[in-house]
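Participant: Only the shape, not the letters, is given here:
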(Lines give C-alpha, C1' and ligand atoms only; values in the text may rest on other atoms or scores of the structure.)
Protein backbone atom coordinates (compact mmCIF):
# COMPACT_ATOMS: atom_id res chain seq x y z
CA UNK A 1 0.00 0.00 0.00
CA UNK A 2 1.10 3.51 -0.64
CA UNK A 3 0.61 6.47 1.60
CA UNK A 4 -2.06 7.77 -0.76
CA UNK A 5 -4.12 4.58 -0.37
CA UNK A 6 -3.97 4.84 3.41
CA UNK A 7 -5.22 8.42 3.32
CA UNK A 8 -8.12 7.47 1.07
CA UNK A 9 -9.01 4.53 3.31
CA UNK A 10 -8.88 6.81 6.39
CA UNK A 11 -11.15 9.34 4.66
CA UNK A 12 -13.62 6.57 3.75
CA UNK A 13 -13.63 5.30 7.34
CA UNK A 14 -14.21 8.85 8.64
CA UNK A 15 -17.02 9.33 6.14
CA UNK A 16 -18.61 6.06 7.21
CA UNK A 17 -18.40 7.09 10.88
CA UNK A 18 -19.95 10.50 10.13
CA UNK A 19 -22.79 8.84 8.19
CA UNK A 20 -23.33 6.37 11.02
CA UNK A 21 -23.45 9.23 13.55
CA UNK A 22 -26.01 11.09 11.41
CA UNK A 23 -28.18 7.99 11.10
CA UNK A 24 -28.00 7.48 14.84
CA UNK A 25 -28.95 11.10 15.51
CA UNK A 26 -31.86 10.86 13.06
CA UNK A 27 -33.12 7.70 14.79
CA UNK A 28 -32.94 9.30 18.23
CA UNK A 29 -34.76 12.41 17.04
CA UNK A 30 -37.41 10.33 15.24
CA UNK A 31 -37.93 8.24 18.39
CA UNK A 32 -38.36 11.40 20.48
CA UNK A 33 -40.91 12.84 18.06
CA UNK A 34 -42.84 9.56 17.84
CA UNK A 35 -42.98 9.27 21.65
CA UNK A 36 -44.63 12.68 21.93
CA UNK A 37 -47.49 11.85 19.56
CA UNK A 38 -51.00 10.93 20.53
CA UNK A 39 -52.35 7.60 19.26
CA UNK A 40 -54.25 9.31 16.45
CA UNK A 41 -51.22 11.30 15.33
CA UNK A 42 -49.05 8.19 15.55
CA UNK A 43 -51.41 6.26 13.29
CA UNK A 44 -51.09 9.00 10.70
CA UNK A 45 -47.31 9.36 10.87
CA UNK A 46 -45.83 5.95 11.74
CA UNK A 47 -45.27 5.08 8.07
CA UNK A 48 -42.96 8.07 7.56
CA UNK A 49 -39.32 7.04 7.66
CA UNK A 50 -37.34 10.22 8.14
CA UNK A 51 -37.46 12.72 10.94
CA UNK A 52 -37.84 15.50 8.38
CA UNK A 53 -40.98 13.92 6.92
CA UNK A 54 -42.51 13.64 10.39
CA UNK A 55 -41.51 17.18 11.33
CA UNK A 56 -42.84 18.64 8.07
CA UNK A 57 -46.15 16.83 8.46
CA UNK A 58 -46.56 17.99 12.06
CA UNK A 59 -45.59 21.52 11.09
CA UNK A 60 -48.22 21.66 8.35
CA UNK A 61 -50.93 20.26 10.63
CA UNK A 62 -50.18 22.57 13.53
CA UNK A 63 -49.80 25.67 11.36
CA UNK A 64 -53.32 25.09 10.06
CA UNK A 65 -54.54 24.48 13.61
CA UNK A 66 -52.95 27.72 14.85
CA UNK A 67 -54.49 29.66 11.96
CA UNK A 68 -57.91 28.24 12.84
CA UNK A 69 -57.56 29.24 16.49
CA UNK A 70 -56.36 32.75 15.71
CA UNK A 71 -59.07 33.51 13.15
CA UNK A 72 -62.11 34.90 15.03
CA UNK A 73 -64.46 33.74 12.24
CA UNK A 74 -63.29 30.12 12.20
CA UNK A 75 -65.64 27.38 13.35
CA UNK A 76 -63.01 26.08 15.78
CA UNK A 77 -62.71 29.50 17.44
CA UNK A 78 -66.51 29.88 17.60
CA UNK A 79 -66.88 26.44 19.25
CA UNK A 80 -64.19 27.30 21.81
CA UNK A 81 -65.85 30.61 22.63
CA UNK A 82 -69.22 28.90 22.96
CA UNK A 83 -67.86 26.19 25.27
CA UNK A 84 -66.09 28.81 27.42
CA UNK A 85 -69.34 30.78 27.72
CA UNK A 86 -71.22 27.63 28.84
CA UNK A 87 -68.64 26.82 31.53
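Facilitator: Sure thing, it's come through. Nothing here was measured: the structure is a model prediction, and the numbers come from that model.
Participant: which regions of the protein sit below the pLDDT cut-off?
Facilitator: Low-confidence regions of the chain, defined here as pLDDT under 70, cover residues 1-12, 65-87.
Participant: ranges for the helices of it?
Facilitator: Ranges of helices within the chain are 3-35, 39-45, 51-70, 75-86, based on DSSP state H.
Participant: buried sites along the shortest one?
Facilitator: Think helix 39-45. Of the residues in helix 39-45, 41, 45 count as buried by neighbour count, 16 or more other Cβ atoms under 10 Å. All C-beta spots, glycine's among them, are computed from the backbone N, C-alpha and C.
Participant: again, but for the third one
Facilitator: Using 16+ other Cβ under 10 Å as the test for burial, helix 51-70 gives 51, 54, 58.
Participant: From the contact counts, what lies against that helix?
Facilitator: Here helix 51-70 is seen to pack against helix 3-35, helix 39-45, helix 75-86 when contacts are counted using 3 or more Cβ pairs under 8 Å, 6 or more residues apart in numbering; DSSP states H and E.
Participant: Wait, residue 50 touches residue 26, no?
Facilitator: Yes. In terms of Cβ atoms under 8 Å, residue 50 counts as a neighbour of residue 26; the distance is 6.8 Å.
Participant: So for those two, which sits in the more crowded spot?
Facilitator: The residue with the greater number of neighbours, taking residue 50 and residue 26 and applying other Cβ atoms under 10 Å, is residue 26; the counts read 14 against 11.
Participant: Could you verify my assumption that that one touches residue 51?
Facilitator: Yes. Taking Cβ under 8 Å as the definition, residue 26 is a contact partner of residue 51 at 5.2 Å.
Participant: got a list of what residue 26 touches?
Facilitator: 50-51 (Cβ atoms under 8 Å, 6 or more residues apart in numbering).
Participant: Residue 62 versus that one, what's the distance?
Facilitator: In this structure, residue 26 and residue 62 are 21 Å apart, going by Cβ to Cβ, to the nearest Å.
Participant: can you check residue 28 too?
Facilitator: Computed as Cβ to Cβ, the residue 28 to residue 62 distance reads 22 Å.
Participant: swap in residue 46?
Facilitator: For residue 46, the distance to residue 62 equals 18 Å [Cβ to Cβ].
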